[in-house]
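In: sequence and predicted structure, then a few things I'm wondering about:
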Amino acid sequence: MLAFALEEFLIESGFEIAGVAGRLETALTMIESIAFDAAILDANLAGIDAGPAALALRARELPFIVVSGYLPSQQQSAFSGALRLQKPCPPERLIQALHSILPAQLILEPR
């Protein structure tokens, strides 16, 4: 439910959404098969550590933001070097983070 609310907020803020994955398997499939410019990755997808998704994003050289309630010391090294946001994260902070990892020409005007 939160993912869909966040998706709507991102669309209203001028971003195009390539997809939403609530499970690691879905995320890995999307990373391999969909064209996109950046990702927002929860460190835990339905109770499974999302480290493999972080590694797949790195392999494709795609920037990503890790959003997690866990401290960095509690997360896999696959997330190291990524921009991290601590939950709960205000949506406006997520928008700022996306602006910091995406080239300006990729960001659309808000609706």
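Out: Cool, the structure landed.
In: now for this protein, the helix or strand with the poorest mean pLDDT.
Out: Least confident helix or strand, the chain: helix 2-12 with a mean of 86, by mean pLDDT, DSSP states H and E.
In: immediately after that one, which helix or strand?
Out: Under the assignment DSSP states H and E, the closest C-terminal helix or strand after helix 2-12 is helix 24-33.
In: mind listing what's buried in the very next helix or strand once past that next one?
Out: As assigned by DSSP H and E, the chain's next helix or strand after helix 24-33 is strand 39-42. For strand 39-42, the neighbour count (16 or more other Cβ atoms under 10 Å) marks 39, 40, 41, 42 as buried. Glycine gets a C-beta too; all of them are placed from N, C-alpha and C.
In: likewise for stretch 95-105?
Out: Going by neighbour count (16+ other Cβ under 10 Å), the buried part of stretch 95-105 is 95, 97, 98, 101.
In: pull the most distant pair out of the buried residues of strand 39-42.
Out: 39 and 42 (10.3 Å; Cβ to Cβ).
In: circling back to that earlier point, pull the distance from the least confident helix or strand of the chain to the chain's centre.
Out: Offset of helix 2-12 from its chain centre (Cα atoms, centre = their mean, to the nearest Å): 12 Å.
In: that helix packs against which elements?
Out: Helices and strands touching helix 2-12, by 3 or more Cβ pairs under 8 Å, 6 or more residues apart in numbering; DSSP states H and E, are helix 91-101.
In: where does pLDDT dip in this protein?
Out: 1, 70-76, 104-111 (pLDDT under 70).
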